[in-house]
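A.B. asks: fold the following and give me the result.
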Amino acid sequence: MKVGIIRCQQTEDFCPGITDFVVAKKNKGVFEQFSEPIKIVAFNSCGGCPGKKSVTRAETMVNRGVEAIVLASCITKGSPIGFACPHKEQMISSIKKHIGEKAILLEWTH
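C.D. replies: Numbering: from 1, shown residues only. Here you go, the predicted model:
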């Protein structure tokens, strides 16, 4: 399955996203539910607060063949700093509205 991960722009300075790639490769974390190999084909940020660019970035990824949009755990769980995005629910609902049934939306990575 081809996935695109959207991460928090605020965490880019101290988190390289390595764990996202590791759990995807090993079908761990949110990817445990899939038996097929996971291939990360896109990795981008939300664009910064309040995350409005996440919607167009998700749409672009889907239009280019991504089968699942995954919000990294830094957005929805606050990993690694313990502070989840205050805009996560709006991002989730907006992304779902715009991608519809064209791709699935997963709300965390690890």
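
A.B. asks: tell me the SS of Ala47?
C.D. replies: For the record, residue 47 is Gly, not Ala. coil (DSSP: H, G, I helix; E, B strand; the rest coil).

A.B. asks: residues near the residue nearest to it when sequence neighbours are not counted, how many?
C.D. replies: Leaving out its chain neighbours, the residue that sits closest to Gly47 by Cβ to Cβ, 6 or more residues apart in numbering is Lys53, at 2.6 Å. Any C-beta I mention is one placed from the backbone N, CA and C, and that applies to glycine too. Applying other Cβ atoms under 10 Å, we find 17 residues neighbouring Lys53.

A.B. asks: state the pLDDT value of Lys53.
C.D. replies: Lys53 carries a pLDDT value of 98.

A.B. asks: that one and Cys46 touch, don't they?
C.D. replies: Yes: the pair Lys53 and Cys46 passes the contact test of Cβ atoms under 8 Å, sitting 6.2 Å apart.

A.B. asks: before we move on, back to that, who's in contact with the residue nearest to Gly47?
C.D. replies: Ser45, Cys46, Gly47 (Cβ atoms under 8 Å, 6 or more residues apart in numbering).

A.B. asks: who wins for most neighbours among those?
C.D. replies: Busiest of these [other Cβ under 10 Å] is Cys46, holding 26 neighbours.

A.B. asks: quick check: closest non-adjacent residue to that one.
C.D. replies: Using Cβ to Cβ, 6+ apart, the closest residue to Cys46 is Ser54 (4.2 Å).

A.B. asks: contacts only, for the one you found.
C.D. replies: Taking Cβ under 8 Å, 6+ apart as the test, what Ser54 contacts is Ile6, Cys46, Gly47, Leu71, Met91, Ser94, Ile95.

A.B. asks: what's the separation between Ile99 and Thr109?
C.D. replies: 18 Å (Cβ to Cβ, to the nearest Å).

A.B. asks: more neighbours, the two?
C.D. replies: Neighbours per residue (other Cβ under 10 Å) separate Ile99 from Thr109, with Thr109 holding more: 28 against 20.

A.B. asks: that one and Glu32 touch, don't they?
C.D. replies: No: if you go by Cβ under 8 Å, Thr109 and Glu32 don't touch, sitting 11.4 Å apart.
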